[in-house]
Each structure stands twice: as structure tokens, then as C-alpha cells.
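Enquirer: sequence first, predicted coordinates after that:
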Amino acid sequence: MGPDDHGADRPAAPASPSRRRALSIGFGVLAVPVIAAAGYQSIRSASGGSTISANLTLVAPAAAGGGWDAFQRELQQVMRTHSLVGNVQVVNIPGAGGTIALGSVGRLTQPNTLMVGGTGQIAAQIQFDTPSQITDVTPVARVIEEYDLIAVPADGPHQDLDGLIADWRENTPDVAWTGGGSFDQLVMTDLALAADIAPGDTTYIPSDGGGEAIQAILNGTAQATAGGFADIYPQVEFGRLRALGVVAPQRLEGVDIPTLPELGYDVTLTNWRALFAPPVVTAEEIAEFEELLEQAFATPEWADAVARYNWVEVPATGEELRAYIEEETERIAGLFAEIEG
Amino acid sequence: MDQLGLLMEGFAGALTPMNLLWVVVGCLLGTAVGVLPGLGSSMAVALLLPMTFALDPTAAFILFAGVYFGGLFGDSTMAILLNTPGQASAIASTFEGHKMANSGRAPQALATAAIGAFIGGMIASVLVVFLSPTLVAVSASFGPPEYFALALFAFVATSSVVADNIAKGLAALVIGVAITMVGIDGISGLERYTLGAPQLFDGISLVTVTVGILALGEVLFVASRIRGTREDLRIRAAGRPFLSAAEVKEAAPAWARGTLIGLPFGVVPAGGAEVPTFLAYEAERRLDRRRKHPVFGKGAIRGLAAPEAAGNATTGMAMGALLALGLPISATAAIMLAAFRQYGLQPGPLLFERSPELVWALLASFFLAMVVLLIINLPFAQLWSKLLLIPKPQLYGGITLFCGLGIYATSGAVFDLLMLLGVGVLGFLMRRYEYPLAPLMIGMVLGPLAESSLRDALLSSVGDPRVLVSSPITIVIYALLAVVVALAVRAAVRQRTREDL
């Protein structure tokens, strides 16, 4: 405003500048308390910002719209509804099958972050030999798993799994498989091995997500799919696909489809999801995480989400989880060797 | 007219003061996100999803419809005013739209776009109401051979964007296709041109390239000339508001043709809205050449009206396909599916029988969202074009900031910002040496579609190339392709003979 800063009491010749000044003073009067309040709020929530209960970041190692993203947003909602933590946000770190996020979380120096992860990241680290590995982060808790469903078109020739396998063995390259991600391809590989079919001779058409995989089956591009239960089962209900078997250790509640072990094929690869913390966490902080998650998973909202996505809860922590992840890594590495072999 | 009665009931459920408030909130949010470069509707819908847990289903769907369509209305605003589209589906709108804005017809251009988006979306919504069940049958007949034929057809049909200067046009096209090669090949699992960097495993996203080449490239280009010619700094006239009767008459056939081109693409699963916008633009351009006084290149209202209508017709139909098929074929669709499931709805062939009240309320909210968007966008056209009154240094500084924000918000990675900058410099160099930008974008959109569909088709036929011409749809598309090529050859021969005489 410069030298005529005291001009407010001078008779204002042009009306508009003085009105403008009045306005700006008005805004200033309004702005000061608003900014002060916001500042106080942010300082308050940031104070001790690194403690887990004050400010928690949930990392989804994929873009918005996938299974990992859905998991974290459901968890965020549960934590918010029950005020389990002061401030909780979801951050998407997509890229390289989730291993970019492995690297980012592995470098964090504060403990207050939980990343969801699982089979997909292990598959990516083995397939592409990525610089970041699942061992760069600290496992906190395995939470849920999902199962694949083997399905064929409802109007197709295959009535049951044995029929499909017989045809597949007879005309290996002609029976094209599809799936929405690398996990689905692993399931198909495991099934081929269990049925004594060379995985390397099989035709596998990768689709981008469950929707595209179903489309590939319906338009005749592929003859069979191993796909996520939540994607495939509705299409079975609509009568467009025929389910031949669930890739699960035991039958699912309320679903009248036999499991693969029941049918005589030892395939039990499951798509599990666990939560991981930055490597800097201490034993006390892991205990704090475990307690927080226990509260979150005991809420009716979480139970509701589990039912909605057809998840199955498979809690595991500590040494048990560590050993499990090691086993899974070896198992997946073995399957990839078969695909390439 | 069973459907009409059900739709009326849907309106009755949707038209409460509270729901109207939600639709306005949704539309404003969607428009705001659409205007920001790089932020698509999938991000907006993902952020919104947790919020809707607290709402009743009707209100939640209405909010979603507002955001979904608001993003579509908003994305062309910056494309037209500043030549900086935020999404790939708005690229075709920059060609003539920005020229209109430059010649002082910004409000008219925005109004043309808003009305085009309204018409395309509205007609698509009407068709969805009556045709949803039959969509199921149509979509299943579209496989990789059909997609490959479609990609070839689109390549040839849009070839005239290359033809102005064949060498430079082809160079730009090849750059576009080459960019899409980066990343892990989905079929063989091999790395292509990643230089071992895991950040490149998923390829370079179309969003980054769109924002980098078109928005940031434009900023750098304007900045490079800002000292040379003060003329560019002059304020452009905002022009008179709204369309005149003559302009409406001029644009009307283009709106209609654009809608017609866009509709079938929405039925085809997994097809983006970019291809129809390019085709609609190209069709108008070819028609324009036959007129006595061609106006393309000088801000032709038809060149803007058609792609806008086409883009929204496609996305409107795609929403219908999501409801009828229940397939999460895009990120946005996957999030919407999650939202539907939350209310115990399973989109798919049985949806209309199982939960009619909710479906019809949702369809009614489509219409409401369209009307509200038209109402808030027409007056906003005046307001938005005031943006051009901001002095260029500040204006383009602001755009740069928003470009960075948009890209950073989707990935949170500094690497992507550097990539954006690199692509922006490429965009600047292409402008500086007068390489056309459209072929690059077309190459990026069609290249992967052609590649993956050809390989999928051959995989499924175990290497037998006859699969490519095995269905009636492919034969029709190739026949159309032959006609387009024949017409082009005939025109070229005529031109040559005329020159010879």
C-alpha cells in the first residue's frame, strides 16, 4: 500500500479503492483466526506425528481401483469410524508390480506406515529380479486371503475339471488360458504341474484385471481361466461361466463348488494379503500395530467388508508369518522356474 | 413403455432437495478435478468412495454420477482455453477449440463443448435405459481380431493428421508408438527399453505424456517466445457470451454425427474414449473440405462440437456397459463396482431384475447430473474465459504448478515429475521445429491396442493368421477400410490431374 497507508480516514475521491481496502481488511479479519485455527489443528495433530496412534499412513502399492487399494481404503474407513488413530490417510505408490512401494517403505525412517502386500510383489521380485525385495520391509500381520476359481464358458464343451484337464492334456496349445494377473498365471502353472502337463507348452493370454479376463473367455479368445473369486463368481451366478473348482484348502461357506484338492489336484496357492511396516520399527511398535489392528479387525464394519469382498480371514503374526512368507517365496520361485523352463 | 414408468419412479426417488444438493456438490467436485491436468475421474471417484459410506445409496450414486460426468465436462475447459488438455480424451478438442479461443470466441467454444458433452451423454443415457440387456450380446462378439481391425481402421482414418507433412507426421507417430513400447511386455514378461529402471516397468503412462507434451510443452513454448513478441502478452478479447442461432445451426449436425460415432465405442468393452474423439474430429474435417469455404484450421465450431459429443457418448454408454456386464474394465469402473457391492448390488445381467429401485434411481441421477452440469457450465463459460485475462507469466506459471500437482498426486513419485519434465521438453522441441503433436498422441493410443490385440488373436489361434478375418465384424471393418483408402487415392489422383492441367 506504500506511503498513503493512513489513507483510510482521508475523503476517498474514487469510491472503488476505499471499498477495496475495506474488503481486504474484512478478509484479513476473517483470515487471521481461520489460519490460526488451522495452524493450531495441524500442529496438534502433527505433534508426536511419528507415533502410530497420532498419524498413520496406509500405503497401497498400486494405483486406485485394484485389490490392494480397496483393502487399504476399507481399513482407513474402519479406523476413522472408530477413531482408532488421530489421522489416517491412504497413499498410492504404484509401479513394478508393487515393488516400487517396497523400496519406498523400506527407506522410511519413521515407523508410522503400514503397507499392504502379498503374492503379487513376491511374483514381481522373482520375475523381474527387482532391486527391492519383500525382505526390505517388516511383516506385521497376515490378514486375509482370496481364492481363485477355475471357470470355463457356460456354453462350452467342458462339464467338469477332469474333462477340461483331459482336453488340455490332449491338445495343450489349443486350450488357451487367461487370467487377470501374475497370481492367476501361477495358479494355472501349479494346476498344470499337478495334472502332469508341461506349463511351458500351454498358451496363456494375460489380461489386465479380472474384467478383461472374463471378457476374453466370453468372446472365445481363451477357453479357460483361473481368476479371483470375487470377479468370477458373479458371472457364474449369471449363468455365463461354469465354475469347475475353487483353488482353496476347504469349501467356502455357502458356495456349492468343489475344491481342487477334493477333485484330486493338489493346488492350494492362495492370494494372501499382509501388512508390512518400515524396517525401523521396534518390537514395542510392532506390538502397538498388532493391538491397533486387532481392534480394527474386531469391528462389525470390517466383518462387513470381509463378507463383501469374499475375503477369508487368516490371521498370523510374528515368527509364524515370517516363516510363511519365506515358504511362499520359495514356492513361487519354483513355479516361475517351471514357466520359463 | 415399462422402462419409462420405472425411470419416473427413479426420478421420484432422486428428486429430493438433499439429493439435489449432492448432485450439485458432485458436479462441482467433478468439474474441479476434470479441470486439473492429469487428474482423471478414477482418482476423484477413489477419493470419494470412503465418503459415500456415510450416505444412503441413492445419494451416493447421485454424487458419483455428478463426479463421473463432471470430470468429462471439465476436462475440455483447459484444453480449449489454454491448449493444455488434462486427459487424453480431450486432445481432439484442442485442435479447433483452442483456435476458437485464440480468435476471441472462448465462451462460444466452451458453450459448444458443454452442449456437445450434454447431447452425447444424454443420448447415451437414454440408450442405456432401453438397451442395457442387449449390450451383453454385442460386447461378447468383440474379441482381439475385431480390436485389431478397429485399430487399423482408426490408424488409416486419422492419417490425414499425418498427411500435412508426411515425414514429420510419421516421425511423430513413430515417437508415440515407441513411447508405448517402454515397460514390461505383458505377454512374454520381458523388459523393453526400461534401462533396468524399475520405475519404467509399468511403462510411461498416457496421462504423463498427455500432460507433458500438450500442457507443459505449450508452457515452455509460450515462455520461449514471450520476450520476442510482446503481442502474445496482449489480453485476448473474451468475446460475447453464448452461441448465436447461426452457430447453433452450424454445430448441430456435428453434435449429432459425433454422438453417432461415439455410441458404438461405449458398447465395446475396454475401448477408451480417445479413439472415437479422433475419428469424429477427422470425419468433420473431411466433410469440411468438401464445403465451398472450408473453415477448419481457423477455429471451426464443428471440429470442436463433434469430438466433445463423441467422447461423452462413449463414456455414457460405457457406464451402461458396466451396469449390464458387471465387468471392471477400467480403474474408474472397478471403483464404481466396489461402491455398488457396498450396497449389495452386483452389476451384471441380473442387476435390473434384482434391485430395480436402485438402478433406476442411478439412471435418473445420470440425467439430473447432465442437466445440472449444463446449467452450471454455460454461465461458467464466461467466467472460465476470464482466465485468459490473467497475465501470461502468472497464468502459465500456475498451469505448470497444476501439471506437477496432478502427476504427483496419482503416483507420489519424484521420478514421474522428472519424466513429466523430460516429456515436456520433447513437446517443446516438437513445437519449436513444427512437428505435429496429434500423430504422437494417436500413436500412443492406437499402438498398444493394435499390438496387444494382434498378439492375443494370434496366441488364441495358435499362430493361424486366418483368425484376423474370421468374423463378420472384422470383414465389415476391413471393407470400410478399403472404401476409405479408395476414396483417398481417388482424391489424390484428381488433385494431381488438376495440378497437371
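Expert: It's in.
Enquirer: now do stretch B:384-398, average pLDDT.
Expert: Taken as a whole, stretch B:384-398 has a mean pLDDT of 80.
Enquirer: give the buried residues for that stretch.
Expert: Judged by neighbour count using 16 or more other CB atoms under 10 Å in any protein chain shown, the buried positions of stretch B:384-398 are B:Trp384, B:Ser385, B:Leu387, B:Leu388, B:Lys392, B:Leu395, B:Tyr396. All C-beta spots, glycine's among them, are computed from the backbone N, C-alpha and C.
Enquirer: so what secondary structure elements neighbour the helix or strand hosting A:Glu288?
Expert: Per DSSP states H and E, A:Glu288 falls inside helix A:283-297. Counting by 3 or more CB pairs under 8 Å, 6 or more residues apart in numbering or on different chains; DSSP states H and E, the packing neighbours recorded for helix A:283-297 are helix A:67-81, strand A:138-146, strand A:271-277, strand A:312-317.
Enquirer: quick one: closest of the ones you listed to B:Ser125.
Expert: Comparing these against B:Ser125 with CB to CB, the closest turns out to be helix A:67-81 (27.4 Å).
Enquirer: okay, the angle between the closest one and strand A:138-146?
Expert: Helix A:67-81 runs at 110 degrees relative to strand A:138-146, counting by axes from the mean of the first three to the mean of the last three CA atoms, to 10 degrees.
Enquirer: quick one: whichever helix or strand comes after helix A:67-81 near chain B?
Expert: Elements were assigned by DSSP H and E; along the chain past helix A:67-81, the next helix or strand is strand A:87-92. Yes - looking at strand A:87-92 against chain B by CB under 8 Å from any CB of the partner chain, the contacts come from A:Val91, A:Asn92.
Enquirer: pLDDT of the helix or strand that strand A:87-92 is followed by, averaged?
Expert: Proceeding N to C from strand A:87-92, the next assigned helix or strand is helix A:99-106, under DSSP H and E. The average of the pLDDT scores along helix A:99-106 is 88.
Enquirer: what's the angle from helix A:99-106 to strand A:271-277?
Expert: Computed by the same axes, to 10 degrees, the angle between helix A:99-106 and strand A:271-277 is 30 degrees.
Enquirer: send the alpha carbons of helix A:99-106 over as PDB?
Expert: Below are the C-alpha coordinates for helix A:99-106, written out as PDB (Å, rounded to 0.1, in the frame of the first residue of the first chain):
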ATOM      1  CA  THR A  99       7.900 -53.300  -5.700                       C
ATOM      2  CA  ILE A 100       8.400 -49.600  -6.100                       C
ATOM      3  CA  ALA A 101       6.400 -49.200  -2.900                       C
ATOM      4  CA  LEU A 102       8.600 -51.900  -1.300                       C
ATOM      5  CA  GLY A 103      11.600 -49.700  -1.900                       C
ATOM      6  CA  SER A 104       9.800 -46.500  -0.700                       C
ATOM      7  CA  VAL A 105       8.500 -48.100   2.500                       C
ATOM      8  CA  GLY A 106      11.900 -49.800   3.100                       C
END
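Enquirer: what's downstream of that helix, the next helix or strand?
Expert: Downstream of helix A:99-106, the next assigned helix or strand under DSSP H and E is strand A:113-118.
Enquirer: name the residues that touch that following strand?
Expert: Contacts with strand A:113-118, where a contact means CB atoms under 8 Å, 6 or more residues apart in numbering or on different chains, come from A:56-61, A:68, A:71-72, A:75, A:98, A:101-102, A:105, A:134, A:137, A:140, A:271-278, A:289.
Enquirer: related to what we said a few turns ago, inside strands: which ones of the buried residues of stretch B:384-398?
Expert: Secondary structure of those is defined by DSSP state E; no position falls in strands.
Enquirer: ok, those vs chain A, which is closest?
Expert: Nearest to chain A out of these is B:Leu387 (CB to the nearest CB; 21.4 Å).
Enquirer: give me the number of residues near residue 173?
Expert: No chain in the question, so chain A it is. Other residues within reach of A:Pro173, judged by other CB atoms under 10 Å in any protein chain shown, total 12.
Enquirer: my question was about chain B
Expert: Neighbouring residues of B:Leu173 were enumerated by other CB under 10 Å; the total is 25.
Enquirer: so it is in which element?
Expert: Element membership of B:Leu173, judged by DSSP H and E, is helix B:166-181.
Enquirer: next one: that helix to chain centre, how far?
Expert: Helix B:166-181 has its C-alpha centroid displaced from the chain centroid by 20 Å (CA atoms, centre = their mean, to the nearest Å).
Enquirer: quick one: mean pLDDT for it?
Expert: Model confidence over helix B:166-181, given as mean pLDDT, is 89.
Enquirer: residues in contact with that helix?
Expert: Helix B:166-181 is touched from outside by B:161-163, B:192-193, B:203-204, B:209, B:426, B:430, B:434-444, B:447-448, B:451, with contacts defined as CB under 8 Å, 6+ apart.
Enquirer: in that helix, which residues are buried?
Expert: Taking 16+ other CB under 10 Å as the criterion, helix B:166-181 shows B:Lys168, B:Gly169, B:Ala171, B:Ala172, B:Leu173, B:Ile175, B:Gly176, B:Val177, B:Ile179, B:Thr180 as buried.
Enquirer: all the helices of the stretch 201-341 of chain A, residue numbers only.
Expert: Remark: helices of the stretch 201-341 of chain A, listed N- to C-terminal, are A:210-218, A:229-237, A:283-297, A:300-308, A:318-340; assignment by DSSP state H, counting those that start in this stretch.
Enquirer: deepest-packed of these, please.
Expert: Most buried of those, by mean neighbour count (mean count of other CB atoms under 10 Å in any protein chain shown): helix A:210-218, with a mean of 26.
Enquirer: neighbours of B:Phe415, just the number please.
Expert: Counted with other CB under 10 Å, residues neighbouring B:Phe415 total 14.
Enquirer: ok, and the closest non-adjacent residue to it?
Expert: For B:Phe415, ignoring the flanking residues on the chain, the nearest one in space by CB to CB, 6 or more residues apart in numbering or on different chains is B:Gln199 at 4.5 Å.
Enquirer: so that neighbour sits in a helix?
Expert: Yes - looking at B:Gln199 with DSSP: H, G, I helix; E, B strand; the rest coil, it is inside a helix.
Enquirer: hmm, A:Thr99 and it touching each other?
Expert: No - in this structure B:Gln199 lies outside contact range of A:Thr99 using CB atoms under 8 Å: 10.3 Å.
Enquirer: more neighbours, those two?
Expert: A:Thr99 (27 against 19).
Enquirer: where's the closest residue to that one other than its chain neighbours relative to B:Pro198, distance?
Expert: Residue nearest to A:Thr99 in three dimensions, not counting chain neighbours: A:Thr130, with 4.2 Å by CB to CB, 6+ apart. Between A:Thr130 and B:Pro198 the computed distance is 5 Å (CB to CB, to the nearest Å).
Enquirer: that'll do, ta.
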